[in-house]
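**Q** Next come a sequence and a model predicted from it.
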Amino acid sequence: MLSHDHKKCINKSINLAHKIANSKAAKLTPQRLQVLRILLAGHKALGAYDILEIMREQQSEGQSRPQPPTVYRALEFLLNLNLIHKVESQNSYYACMIEKDVNEQHLAQAFICDNCGNVEEKIAETGARNLYEKADSFGFKIEHVIMECRGICASCQLV
């Protein structure tokens, strides 16, 4: 994975999340924001119970103990706003790191390292266009596309 200013990319993603939520009159609650921040903290895909465990570790005294439905509702909300993506093959989630406009949709390609677990996201521009054109040619309406590539990242190949 290329090095970058991770704090800066997290701040940009949080700001974008607020803009997207506001544009759709959706409320980015503290719990939803916490789930997003957890996913933004690393470039790894996490399962719902991994997220729940981190939420419980971050819990302040006096707060109610987070429960699984809280995480699942937050994940569904974030998925619907395209702020996160699901890795179907491992039932986990990662934060969308693609710079985009508020209403911009994209077809994500997830490159998942089987060694370190990092997820690198790229936009599948040509491939997506071909898929949608092919589907249109026989009257099929695509609702959801999953593009996952598994292998070994450049950093792990150096080790």
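**A** Okay, I see it.
**Q** Does Lys147 touch Leu107 like I think?
**A** Quick fix: residue 147 reads Met, not Lys. Yes - taking contact to mean C-beta atoms under 8 Å, the distance of 6.7 Å between Met147 and Leu107 places them in contact. Just so you know, the C-beta spots here come from the backbone N, C-alpha and C atoms, and that holds for glycine as well.
**Q** shared neighbours of the two, which are they?
**A** Common neighbours of Met147 and Leu107, counting by C-beta atoms under 8 Å, 6 or more residues apart in numbering, are Ala124, Gly127.
**Q** Could I get the phi/psi values of Glu121?
**A** With angles defined as degrees, to the nearest 10, Glu121 sits at phi -110, psi 140.
**Q** So it versus Ala108, what's the distance?
**A** With distances taken as C-beta to C-beta, to the nearest Å, Glu121 is found 5 Å from Ala108.
**Q** Repeat that for Arg129.
**A** Relative to Ala108, Arg129 is positioned 14 Å away (C-beta to C-beta).
**Q** quick one: which of those two has more around it?
**A** Between Arg129 and Ala108, Ala108 has the larger neighbour count (other C-beta atoms under 10 Å), namely 21 against 11.
**Q** What's opposite that one in the beta bridge?
**A** Applying DSSP bridges to Ala108 gives these bridge partners: Ile123.
**Q** quick one: it and His85, what's the gap?
**A** Shown here: Ala108 relative to His85, a distance of 5 Å by C-beta to C-beta.
**Q** now for the helix-or-strand element of the chain with minimal mean pLDDT, which elements pack on it?
**A** Within the chain, judged by mean pLDDT, DSSP states H and E, the helix or strand with the poorest mean is helix 125-137; its value is a mean of 84. Packed against helix 125-137, as judged by 3 or more C-beta pairs under 8 Å, 6 or more residues apart in numbering; DSSP states H and E, are no other helices or strands.
**Q** What residues of that helix count as buried?
**A** Counting neighbours by 16 or more other C-beta atoms under 10 Å, one finds that the buried residues in helix 125-137 are Ala128, Leu131.
**Q** what comes into contact with it?
**A** His106, Leu107, Gln109, Lys141, Ile142, Val145, Met147.
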